[in-house]
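Colleague: predicted model follows, preceded by the sequence.
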Amino acid sequence: MDVIEREELLVVGLAVRTTNADERDPARGRLQGLWQRAGAPGAFAHVPGRVDENLYAVLTDYESDHNGAYTQIVGVGVRTVPRLPEGMVAVRVPGGKALKLEARGPMPQALIEAWQQVWAHTEAGAQPPRSFATDLEVHHAGGADLYIAV
């Protein structure tokens, strides 16, 4: 994991509130449905001012740590916050120092393994510690990059 300086980003997308414990139980998990809606053809076609073709996942509003509730927004990066399409939210991902991990290989397994590295880092009390402010996943043709706020 490398510490990098990440720039601010605005994301418009769909949101759910969940916990990692809920996501381990298919009956309670909400992320699969969120990603299915976000991955539907044309899901963000009506959002103006996109900065690129990437799909972004913002993890924010942490209740405590990786065991508590958090909000995940899946959407697109935009230059400015437009008039929001119905059912969508906008979130500002602040710039700052972040741990960067790359998830490569078959998804979602590669992404799960990257998050397991993050959780192991957290539980070991490794430095720098996570801030549990706002984390970011950038999904692109080559895989996904995780930016974990420190």
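Modeller: Yes, it's here.
Colleague: hey, let's count contacts and neighbours off CA atoms from now on
Modeller: OK.
Colleague: CA atoms only: put the helix or strand where residue 13 lies into PDB for me.
Modeller: Element membership for residue 13 (DSSP states H and E) is strand 9-18. Taking Å, rounded to 0.1, in the frame of the first residue of the first chain, the C-alpha atoms of strand 9-18 are listed here in PDB:
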ATOM      1  CA  LEU A   9     -13.800  14.600  -6.700                       C
ATOM      2  CA  LEU A  10     -17.500  15.200  -7.100                       C
ATOM      3  CA  VAL A  11     -19.700  12.100  -7.600                       C
ATOM      4  CA  VAL A  12     -23.400  11.800  -8.600                       C
ATOM      5  CA  GLY A  13     -24.900   8.400  -8.100                       C
ATOM      6  CA  LEU A  14     -27.200   6.000  -6.200                       C
ATOM      7  CA  ALA A  15     -26.800   5.400  -2.500                       C
ATOM      8  CA  VAL A  16     -27.500   2.800   0.200                       C
ATOM      9  CA  ARG A  17     -26.600   2.500   3.900                       C
ATOM     10  CA  THR A  18     -25.300  -0.900   5.000                       C
END
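Colleague: and the helix ranked longest in the chain, which residues are buried?
Modeller: Counting by DSSP state H, the longest helix found in the chain is helix 109-123. Across helix 109-123, burial judged by 16 or more other CA atoms under 10 Å covers 110, 111, 114, 115, 118, 119, 121, 122.
Colleague: thank you kindly, that will do.
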